[in-house]
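S.K.: I'd like to go over a predicted model; first the sequence, then the structure.
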Amino acid sequence: STSTKMSANGVAAHCCETPGCNAEAKLQCPTCIKLNIQGSFFCSQNCFKGYWESHKLRHKKPRSPWFSEQLDQYLQYFPGYAYFKRAVTQFKNISGISDSSTPYNPWPYYAFSGSLRPYPQTTKKEVPPSIGRPDYADDPNGFPHSEQKVRGAANIKCLSDEEKEGMRVACKLAREVLDEGVKVADIGVATDEIDRVVHEAAIERECYPSPLNYHGFPKSCCTSVNEVICHGIPDMRPLQNGDICNIDVTVYHRNFHGDLNETLFIGEVSSIAKNLVKTTWECLQKSIEIVKPGVKYREVGSLIQKHAHSQGFSVVRSYCGHGIHQLFHTAPSVPHYAKNKAVGVMKPGHTFTIEPMISEGTWKDEQWPDNWTAVTADGKLSAQFEETLLVTDTGVEVLTQRRDRNGQPYFMD
Amino acid sequence: MGDEDDIPMLVGEDDEDETIPELVKVEDKPRVPLTILTGYLGAGKTTLLNYILKEQHNKKIAVILNEFGEGSSMEKSLSIGHEGDLFEEWLELRNGCLCCSVKDKGVKAIENLMRKRGKFDYILLETTGLADPGPIASIFWMDRQLGSDLYLDGIITVLDAKYAEKNLNEKKPEGVVNEAVKQVALADLLIINKTDLVDETQLKAVTDLVSTINGSAHMVYTQRCRIDLNKLLDLHAYDKFDNDLFERSLSTRFFDGASHLDQRVQTVTVEVEGSMSPSSMDYFIDVLLWDRSLTNSAGEPVNIYRMKGIVSMIAESQRFMLQVVQQLYELEPIGYWEIDSPRTCKFVLIGENLEQEKIDDLLRTCVTLSSEFS
């Protein structure tokens, strides 16, 4: 049982990763530490030896320029090298020699963790007043007062039949809107263009694009490219061959919100990107499978973490799934990592999202100075998938389910 | 570095056959304890803080006033005492998406500051006078997986010996919590201050009242908040459960004063021989904390503020410590049962509408029916 594997007093204890062994693990593989691979905890050298043939596969390096990679690996051992690298990035930013081809440089002193840079944004869009709007749409700071009222209360709402219907419709429309956005995502297309399409697709369906003005968010959807974990703001950067791009759509239709996202391949992506995206999608699928009345919300994280770690990836911990209905974000909170204190047990009528963010390297995240864009602390890739779920009497209904192509994710098309 | 020109991979390049490395010990990152200091206005919190800052010479202590409320304030001041000096720093509270963020922005602000300026030895968070420390404790009692640099050490409540009784007995309208009672209920350390202003009878009355509400907290009497600093720090209230605590709570059960005190909030201690299974523990938690289906004889629902316990789990050689604050709970292994020692489950509960027999019965259900659940 997972509850017995919790951390011991004062020290973050881990579980031995050798399949079948669940002893407490206080030792770690030094090669994994060097390669910044997450996890790799073992109870003893012997146990580790037994599992070595499989474990060493994690150390396989991804394809990349051989020479600069070797040099980089070598220089890791020089004290201060990490700071040197960051300083070089900062210098590049200040002096304008950055990896982006535009001179746009909103934060000259910020040391980016990866190679993605912000591009200029277009002006804020409007939604026709005839479409029903959530309370924050017209608040000067985008503050969701209705959410604030129930904040802290851990009672999870059980929806009435009428409310469930409302959610079904909103979620179906959210999927349709995402479909439209996905259709235009391609090499050379700016994320701003995706946002424009999403915005219009929402309006066409009598929906308010929920992210717009939510806590002041400037756009109608989130587009998260490569090392961006979530909450990427659509801008004029054209998508490039090899990018992975997540489009996160939420719509508000007749008083209900529907929320979903998928990560797409843009052109030809690396094999590690393929594996990361596939693993992330599998994490979501596996966690949806356990949703039914009586399951504790805190169990979702155990399952996701186990699968992500089995592929050598890590789970982003700073953001979680959430309850959703007339409110965009509300109870329950659904962390995606193991050993969490999430409150509550699934009951028929609960509606919530599961939205695992899985990263290639470290689980740690940072935030750009725009106070929105979340990126991996090491600049490596991160992928995400999300669905809105309804707990039924016997299991789960995936409200944002894709209706065509057998429900497969877009990256498999 | 970061070049996009691909130097083609050499043909025939292969991963060398890696030799098995020696495993290394997982590094423990030392974390900074954060203590919540609460109490009514005038009880002596500020005096206490000034005393701590002045007396603690070798430690770097940060003091924050809790106005981490909602709102768009971008900065918050923090005072730091170090080697006799006091200076001010600024916490940057970054707004933006608070929606699905697991860590509170106050926590992130403190962590960012420590990253820039180095770690503190202790952080003291002083709440406003009428604060309910429960939600604040939830913010700082973070999952260890979040790898925060902070951990919640405990809650200290300062009481004014002269006015405490009055404040604690104040009747509030239905559904409104009496903050003074909550502050006492959630305390790990109770400082009864201004003892010079009351006589012995009054002091005993306050002590009795406070012990009834919270039988497990340490109690210290002070004048002008002069206190041995070792008593304040390293409470480890959320990661330890010592036997003293249990004995202390047990002793308040038998004391006489309780009968005529009209307090909805009380401490109840229970101990039952036997073990629990994961599903009976789930049931226990669900009934008490989440479903709140347990009531007292008058049909009023039990509302747990704080709970601690040591539990024996079936087929586990380790002892498990249960920590609860309102609806949050954590079950952690903590040492091993001694061979041949009897397996028991014991709990200290602090909350509203608790009745000894009802809790006893509930626990017995979870322990004796364990074979049925598994």
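M.R.: Great, that's in hand. Note that the structure is a prediction, hence the values are computed from the model and not measured.

S.K.: B:N50: neighbour count?
M.R.: The local packing of B:N50 (other C-beta atoms under 10 Å in any protein chain shown) involves 14 other residues. Using the backbone N, CA and C atoms, a C-beta is placed for each residue, glycine as well.

S.K.: got phi/psi on the residue most central in space within chain A?
M.R.: Nearest to the mean C-alpha position of chain A, by C-alpha atoms, centre = their mean, lies A:M357 at 3.2 Å. When read as degrees, to the nearest 10, the backbone of A:M357 gives phi -110, psi 120.

S.K.: separation between it and B:E89?
M.R.: Noted for A:M357: a distance of 32 Å to B:E89, by C-beta to C-beta, to the nearest Å.

S.K.: coming back round to it: so the nearest residue to the residue nearest to the centre of chain A once chain neighbours are set aside versus A:P234, what's the distance?
M.R.: Nearest non-adjacent residue to A:M357, counting by C-beta to C-beta, 6 or more residues apart in numbering or on different chains: A:V316, 3.8 Å away. Applying C-beta to C-beta, the value for A:V316 to A:P234 is 21 Å.

S.K.: do the same with B:E357
M.R.: When C-beta to C-beta is the yardstick, B:E357 and A:P234 sit 61 Å from each other.

S.K.: more neighbours, the two?
M.R.: A:P234 (27 against 11).

S.K.: once you drop chain neighbours, what's closest to that one?
M.R.: A:P234 sits nearest to A:D195 (C-beta to C-beta, 6+ apart), 3.6 Å away.

S.K.: SS state for B:K166?
M.R.: helix (DSSP: H, G, I helix; E, B strand; the rest coil).

S.K.: now chain A against chain B: closest residue?
M.R.: Across chain A, the shortest distance to chain B (C-beta to the nearest C-beta) belongs to A:N371, at 3.2 Å.

S.K.: who are the contact partners of A:A170?
M.R.: A:207, A:251-254, A:256-258 (C-beta atoms under 8 Å, 6 or more residues apart in numbering or on different chains).

S.K.: give the rounded mean pLDDT of the helix or strand harbouring it.
M.R.: Element membership of A:A170, judged by DSSP states H and E, is helix A:161-184. The pLDDT scores in helix A:161-184 average 98.

S.K.: can you list the buried residues in it?
M.R.: Neighbour counts over helix A:161-184 (16 or more other C-beta atoms under 10 Å in any protein chain shown) mark A:163-164, A:166-182 as buried.

S.K.: so the residue nearest to A:P234 lies in a strand, does it not?
M.R.: No. Using three-state DSSP, the secondary structure at A:D195 is helix, not a strand.

S.K.: can you count the residues close to it?
M.R.: A:D195, neighbours per other C-beta under 10 Å, totals 27.

S.K.: and the pLDDT at it?
M.R.: 98.

S.K.: tell me where the chain has helices.
M.R.: Using chain A here. A:30-34, A:45-55, A:66-75, A:81-95, A:145-149, A:161-184, A:191-204, A:271-289, A:299-310 (DSSP state H).

S.K.: that's the other chain; I wanted chain B
M.R.: Using DSSP H, helices in chain B cover B:45-55, B:105-117, B:133-140, B:164-169, B:179-185, B:200-213, B:229-232, B:243-253, B:278-285, B:356-368, B:370-373.

S.K.: mind giving me the packing neighbours of the third one?
M.R.: Other elements packing on helix B:133-140 under the criterion 3 or more C-beta pairs under 8 Å, 6 or more residues apart in numbering or on different chains; DSSP states H and E are strand B:32-38, helix B:105-117, strand B:150-160, helix B:179-185, strand B:318-325.

S.K.: A:R254 contacts A:R168, doesn't it?
M.R.: No. With contact defined as C-beta atoms under 8 Å, A:R254 does not reach A:R168; the gap is 11.5 Å.

S.K.: where do the strands sit along the stretch 1-150 of chain B?
M.R.: Ranges of strands in the stretch 1-150 of chain B, per DSSP state E, counting those that start in this stretch, are B:24-25, B:32-38, B:61-65, B:75-82, B:85-92, B:122-126, B:150-160.

S.K.: of the helices and strands packed on helix B:133-140, which is nearest chain A?
M.R.: Nearest to chain A among those is strand B:318-325 (7.5 Å), distances taken as C-beta to the nearest C-beta.

S.K.: how about A:F411, what does it touch?
M.R.: By C-beta under 8 Å, 6+ apart, the neighbours of A:F411 are A:262-265, A:277-278, A:281.

S.K.: meant to ask about A:L264, not that
M.R.: Applying C-beta under 8 Å, 6+ apart, the residues contacting A:L264 are A:182, A:185, A:244-247, A:410-411.

S.K.: ok, the residue nearest to A:M357 to B:L146 distance?
M.R.: Counting by C-beta to C-beta - A:V316 and B:L146 are separated by 11 Å.

S.K.: more neighbours: which of those two?
M.R.: Ranked by neighbour count (other C-beta under 10 Å), A:V316 and B:L146 place A:V316 first, with 26 against 16.

S.K.: surely the more buried one touches A:H336?
M.R.: Yes. Using C-beta under 8 Å, A:V316 is in contact with A:H336, at 7.1 Å.

S.K.: overlap in contacts of the two?
M.R.: In contact with both A:V316 and A:H336: A:356-357, using C-beta under 8 Å, 6+ apart.

S.K.: so the residue lying closest to A:Y208 once chain neighbours are set aside bridges to which residues?
M.R.: Of all residues not flanking A:Y208 in the chain, A:Y252 sits nearest, at 4.2 Å (C-beta to C-beta, 6+ apart). For A:Y252, the beta-bridge partners are A:Y208, A:H257 (DSSP bridges).

S.K.: need the contact list for A:Y252.
M.R.: A:Y252 sits next to A:132-134, A:170, A:207-210, A:328 when contact means C-beta under 8 Å, 6+ apart.

S.K.: pLDDT at B:G81, what is it?
M.R.: Looking at B:G81, its pLDDT stands at 79.

S.K.: I meant to write A:D99 there.
M.R.: So A:D99 comes in at 48 (pLDDT).

S.K.: likewise for B:L233?
M.R.: Model confidence at B:L233, given as pLDDT, is 85.

S.K.: how long is stretch B:183-191 end to end?
M.R.: From the first residue to the last, stretch B:183-191 extends over 12 Å; the measure is C-alpha to C-alpha, to the nearest Å.

S.K.: pLDDT on that stretch, on average?
M.R.: Computed over stretch B:183-191, the average pLDDT equals 94.

S.K.: so which bits of the stretch 101-250 of chain B are right by chain A?
M.R.: Residues of the stretch 101-250 of chain B lying near chain A by C-beta under 8 Å from any C-beta of the partner chain: B:101-103, B:135, B:141, B:143-147, B:236, B:239-240.

S.K.: which one of those residues is nearest B:G84?
M.R.: B:H236 (27.5 Å; C-beta to C-beta).

S.K.: which parts of the stretch 201-350 of chain A are strands?
M.R.: In the stretch 201-350 of chain A, the segments counted as strands under DSSP E, counting those that start in this stretch are A:208-209, A:222-225, A:228-230, A:244-253, A:256-265, A:314-315, A:321-323, A:330-334.

S.K.: between the ones you listed, which one is closest to A:Q148.
M.R.: Nearest to A:Q148 among the strands of the stretch 201-350 of chain A is strand A:330-334 (10.3 Å), distances taken as C-beta to C-beta.

S.K.: which helices and strands sit right next to that closest one?
M.R.: strand A:321-323, strand A:351-354.

S.K.: where does pLDDT dip in the stretch 251-374 of chain B?
M.R.: In the predicted model, the stretch 251-374 of chain B carries pLDDT under 70 at residues B:252-262, B:368-374.
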